[in-house]
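A.B. asks: this one's structure only:
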């Protein structure tokens with residue numbers, strides 16, 4: 001009898017916690033800026049991450065993505081990294097649409113890193129593979145020239161191509 005009562009109290013407390021978490025998620029989905037504790041449920045933290053990335057508040061979203069990526073839930077970790085990478089890629093594409101290349105390059109590189117980390121957590125994540133492929137076409141990774149000493153070799157001073165060759169259109 002006592003064990004049944006303890007179980008009922010425990011289930012009731014769990015139900016109240018989930019209800020509060022669902023209310024926080026619903027408020028963020030409605031566009032309200034709700035502060036979320038770092039010890040909140042992972043789903044609530046993911047909702048906060050999505051809220052911040054949708055508004056391009058990447059500096060606030062990065063610690064949440066890092067915390068979720070370090071968690072035990074591989075599916076949620078890869079989804080958080082993917083969501084942040086997508087937001088950075090969208091911001092980069094917005095810059096490119098108005099030919100503002102300088103701020104787009106680091107955003108594309110950070111998006112690539114996010115997709116790679118998402119694939120590290122879930123190698124079968126097809127959407128991350130696809131987006132990484134598209135992002136790789138935006139800014140290519142070229143090997144860096146190692147220089148010893150102070151003088152640069154003459155071929156290092158020439159820039160034969162830009163880091164951002166252009167927007168991919170269609171299939172290769």
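C.D. replies: Yep, that arrived. Quick caveat: nothing in here was measured; it's all calculated off a predicted structure.

A.B. asks: Leaving out chain neighbours, which residue sits closest to the residue nearest in space to the middle of the chain?
C.D. replies: The centroid of the chain falls nearest to residue 84 when counting by Cα atoms, centre = their mean (2.0 Å). With Cβ to Cβ, 6 or more residues apart in numbering as the criterion, residue 84 has its nearest non-adjacent residue at 4.6 Å, and that residue is residue 65. The way it works is simple: take the backbone N, C-alpha and C, and place the C-beta from them, glycine included.

A.B. asks: Low-confidence ranges, the chain, go.
C.D. replies: Along the chain, segments meeting pLDDT under 70 span 1-17, 140-172.

A.B. asks: ok, back up a step: from residue 127, how far off is the residue nearest to the centre of the chain?
C.D. replies: Noted for residue 84: a distance of 14 Å to residue 127, by Cβ to Cβ, to the nearest Å.

A.B. asks: cool, residue 118 as well?
C.D. replies: As judged by Cβ to Cβ, residue 118 and residue 127 stand 9 Å apart.

A.B. asks: got it, and residue 108?
C.D. replies: On the measure of Cβ to Cβ, residue 108 and residue 127 end up 17 Å apart.

A.B. asks: just to revisit the earlier point, thought the residue nearest to the centre of the chain was touching residue 46?
C.D. replies: No - look at residue 84 against residue 46 with Cβ atoms under 8 Å: they stay out of range, at 10.6 Å.

A.B. asks: that older thread, for residue 118 and residue 127, indicate the residue with more neighbours.
C.D. replies: Taking neighbours as other Cβ atoms under 10 Å, residue 118 and residue 127 compare with residue 118 leading, 28 against 13.

A.B. asks: how close does the more buried one sit to residue 108?
C.D. replies: Using Cβ to Cβ, residue 118 is found at 16 Å from residue 108.

A.B. asks: And the strands in this structure?
C.D. replies: In the chain, no strands are defined using DSSP state E.

A.B. asks: Now the phi/psi pair for residue 39, please.
C.D. replies: phi -100, psi 10 (degrees, to the nearest 10).

A.B. asks: For it, the count of nearby residues, please.
C.D. replies: Other residues lying near residue 39 total 6 when counted by other Cβ under 10 Å.
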